[in-house]
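Colleague: Sequence isn't available, so here's the structure alone:
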């Protein structure tokens with residue numbers, strides 16, 4: 001790769017900029033937020049998943065409003081919207097921690113002249129809990145699924161961040177902790193790194209950018 005080819009680095013949030021604990025439920029990776037929410041609501045994990053069902057998926061793509069989503073889930077779990085909101089936000093903030101080391105690295109890259117951006121799948125409450133504006137306003141561009149009506153791995157969301165950055169795919173580097181989210185980026189011509197930990201990422205970043 002030629003020196004200076006990469007002009008922008010694009011980061012995922014959950015599992016990259018915000019690190020959390022994960023569990024496996026029915027062979028699917030789920031964050032531990034769901035366990036805590038179910039516990040605080042005094043229902044089983046299965047009942048919680050039944051309660052959010054298609055509503056949760058729709059909120060990630062912004063196909064249903066924040067107010068309507070909370071109203072539906074609150075009704076299904078037999079609590080007030082206010083209580084549900086408090087419980088869910090608390091669970092996200094407990095189970096995810098900001099990756100301070102990676103934020104420091106990102107802002108250093110910005111000082112070096114690279115554009116830095118965020119491309120993330122979130123629903124309204126996870127965005128509120130995991131993406132404090134004081135940190136994310138320092139990025140050049142931020143694209144979140146619930147705000148734009150499309151989520152990874154749909155190629156449209158990758159094209160959207162490229163459009164906002166005003167850069168061709170070959171001049172960008174995308175970092176995500178899931179291979180299925182990296183694959184569409186690769187097909188578009190973006191360079192990708194599968195995030196495992198900071199040490200591994202920094203080593204790969206230094207090799208690619210230098």
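Modeller: Received, thanks. Note that the structure is a prediction, hence the values are computed from the model and not measured.
Colleague: Contacts for the helix or strand containing residue 146 next, please.
Modeller: Assigned by DSSP states H and E, residue 146 falls within helix 145-148. Identification of contacts with helix 145-148 by C-beta atoms under 8 Å, 6 or more residues apart in numbering yields 59-62, 120-124, 127, 151-152, 157, 160. (Glycine included, C-beta is placed from N, CA and C.)
Colleague: among these, who's most crowded?
Modeller: residue 120 (29 neighbours; other C-beta atoms under 10 Å).
Colleague: got a list of what residue 15 touches?
Modeller: 22, 176-178, 195.
Colleague: Generate CSV for those residues, with neighbour count and distance to residue 141 as supplementary columns.
Modeller: Listed next are the contacts of residue 15 as CSV, based on neighbours: other C-beta atoms under 10 Å; distance: C-beta to C-beta, whole Å:
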residue, neighbour count, distance to residue 141
22, 15, 27
176, 26, 16
177, 19, 20
178, 17, 21
195, 22, 19
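Colleague: Tell me which of those fall in helices.
Modeller: Within the contacts of residue 15, no residue falls in helices by DSSP state H.
Colleague: Can you pick out the most distant pair from those residues?
Modeller: 22 and 176 (14.7 Å; C-beta to C-beta).
Colleague: ok, the contacts of helix 145-148 vs residue 209, which is closest?
Modeller: Residue 209 lies nearest to residue 120 out of those, by C-beta to C-beta, at 21.9 Å.
Colleague: Is that closest one bridged to anything, and to what?
Modeller: Residue 120 forms beta bridges with residue 144, as assigned by DSSP bridges.
Colleague: re earlier: return the subset of the contacts of helix 145-148 lying in helices.
Modeller: Judged by DSSP H, helices contain the following of those: 59-60, 124, 127, 157, 160.
Colleague: Could you chop the chain up by domain?
Modeller: By the assignment in automatic domain parsing, the chain contains the domains 8-17+99-209, 22-95.
Colleague: lowest-confidence stretch among these?
Modeller: The minimum mean pLDDT among these belongs to domain 22-95 (a mean of 92).
Colleague: Going by residue numbers, what spans are helices in the chain?
Modeller: Under DSSP H, the chain gives helices at 33-41, 45-60, 66-77, 81-95, 100-111, 124-130, 133-136, 145-148, 155-165, 179-188, 198-209.
Colleague: of all the domains of the chain, which gets the most neighbours per residue?
Modeller: Mean neighbour count, computed with mean count of other C-beta atoms under 10 Å, is highest for domain 8-17+99-209 among the domains of the chain, reaching a mean of 18.
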